[in-house]
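S.K.: Coordinates only, no sequence provided:
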């Protein structure tokens, strides 16, 4: 008989993909959530897994269940969780369940404050092109992959290792639970101050991650990150250190071409951070048996991931990009990449403060200079989001002071939309950066006649 699994908070981006994966494997899957948004809702409904009602019902938890998978957003007092514990049912967090299903596999984990999703996607793309059988866990829907999670009999699994908290029952970083055999760390820049209130506390999590790696494990890491340099200096050679930097390249007519051993590889992605992450992924691929020229050739067909420098408008005179950037280091890397790719165009960068960290008054100063390489920079935040997150209201003046001279602040999405449309024109690049939706802002990408 198929195993029976119940997912608490089934509607999450990764959780609903796990539900779909287990359903495909023949598990009897049920789940609950207090609210489910698209595309999770439609995908669960199509598979017959959408809960019949919103909310938590302890009656859905019975001794017939083999396991409960606990989503990150479930609270400790969740009535279904309490019932599962009372009945002695095995409760896994999402990372714990992934590890349980991959105990006998080689586990490759991509960690770092930025670039995890894209780097994981790069390695997945190359492994697929090379015809290798592998499982995966990645934080974005990727072209060529049906779900964000795959579990099978494959001997290898590639995992995006998030430093955010595991679950209400065990609030340690997720990446500690995967017990990697080999890893990449893309860099360290303070984030998630709601759970890591100091820089030192945040860095400590990455030290703990490195401590989980076995002696002699291959570690691909960005050599120009001073924090990583310090962590590896303390390592004493326990790990097999494999540092990398930016791949040699040229930018010709808005196209990035990687130059490697007298050969040219035209890429569909661009930006120094992408070329750094690609160098790290190339090291991991070599460890898995894929040589450098093959890796780079496979990468020429890689188009990137959703909302990571994703091109929304593919016209020559007005490129429009969308990016998930929200932390200061991500903002700077994204803006700098676009400016380097389009040095002769006017870069209009628009950032929405949406995460808990970005809306914290004591974190604002971290954004100083993050947008300085944009020709024009706009910052938007919604007072309604601040109210929803129960955070103190911010004044536009203090936000402007934090970001630096010349940055325009908006708190009304309609006014922001009107301003952007009035500014659009030829010889411009529009860059939209947010982990949210700009309050559903819709843009007309045609521009006024001049």
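M.R.: All right, it came through fine. For clarity, every value in this text was computed on a predicted model and none was experimentally measured.
S.K.: The closest residue in space to residue 430 that isn't next to it in sequence bridge partners, please.
M.R.: With CB to CB, 6 or more residues apart in numbering as the criterion, residue 430 has its nearest non-adjacent residue at 4.6 Å, and that residue is residue 320. (Glycine included, C-beta is placed from N, CA and C.) Taking DSSP bridges as the rule, residue 320 bridges to residue 313, residue 430.
S.K.: is it true that residue 320 touches residue 311?
M.R.: Yes - counting by CB atoms under 8 Å, residue 311 is a contact partner of residue 320 at 7.1 Å.
S.K.: In terms of neighbours, single out the busier of the two.
M.R.: More crowded of residue 320 and residue 311, by other CB atoms under 10 Å: residue 320, with 19 against 14.
S.K.: how near is that one to residue 345?
M.R.: Computed as CB to CB, to the nearest Å, the residue 320 to residue 345 distance reads 12 Å.
S.K.: what's the overlap in contacts for those two?
M.R.: Shared contacts of residue 320 and residue 345 (CB atoms under 8 Å, 6 or more residues apart in numbering): residue 429.
S.K.: ok, and the closest non-adjacent residue to residue 229?
M.R.: In this structure, residue 229 finds its nearest non-sequential neighbour in residue 223, 7.4 Å apart by CB to CB, 6+ apart.
S.K.: thought the one you found was touching residue 242?
M.R.: No - Residue 223 is beyond contact range of residue 242, at 9.6 Å (criterion: CB under 8 Å).
S.K.: residues of stretch 138-150 that come out buried?
M.R.: Using 16 or more other CB atoms under 10 Å as the test for burial, stretch 138-150 gives 138-142, 145, 147-150.
S.K.: helix or strand for the residue nearest the centre of the chain, which one?
M.R.: In the chain, the residue lying closest to the centroid (CA atoms, centre = their mean) is residue 117, at 4.4 Å. For residue 117, the host element (DSSP states H and E) is helix 116-129.
S.K.: which secondary structure elements does that helix contact?
M.R.: Contacts defined by 3 or more CB pairs under 8 Å, 6 or more residues apart in numbering; DSSP states H and E place helix 116-129 against strand 106-111, strand 156-160, helix 272-287, helix 292-299.
S.K.: could you give the angle of it to helix 292-299?
M.R.: With axes from the mean of the first three to the mean of the last three CA atoms, to 10 degrees defining the directions, helix 116-129 sits at 110 degrees from helix 292-299.
S.K.: List of residues touching helix 116-129?
M.R.: 108, 110, 112, 134, 136, 138-140, 142, 144-145, 156, 158-162, 184, 186, 274, 277-278, 280-281, 284-285, 288, 290, 295, 298-299, 301-302, 304-305, 308, 324.
S.K.: do the same with stretch 137-147
M.R.: 13-14, 17, 20-21, 24, 98, 116-117, 120-121, 124-125, 128, 136, 148-149, 157-160, 162, 303, 305-308.
S.K.: what separates that stretch from the chain centre, distance-wise?
M.R.: 12 Å (CA atoms, centre = their mean, to the nearest Å).
S.K.: Show me what residue 259 is bridged to.
M.R.: Residue 259 has these beta-bridge partners by DSSP bridges: residue 264.
S.K.: residues contacting it?
M.R.: 248-250, 265 are the contacts of residue 259 under CB under 8 Å, 6+ apart.
S.K.: Now do the lowest-mean-pLDDT helix or strand in the chain: distance to the chain's middle.
M.R.: Counting by mean pLDDT, DSSP states H and E, the chain has its least confident helix or strand at strand 310-313, which shows a mean of 81. What separates the centre of strand 310-313 from the centre of its chain is 18 Å, taken as CA atoms, centre = their mean.
S.K.: shaky segments in the stretch 201-350 of the chain?
M.R.: For the stretch 201-350 of the chain, the stretches with pLDDT under 70 are 314-316.
S.K.: after the helix or strand containing residue 6, next one along is what?
M.R.: Secondary-structure assignment from DSSP H and E places residue 6 in strand 4-8. Downstream of strand 4-8, the first helix or strand assigned by DSSP H and E is helix 13-24.
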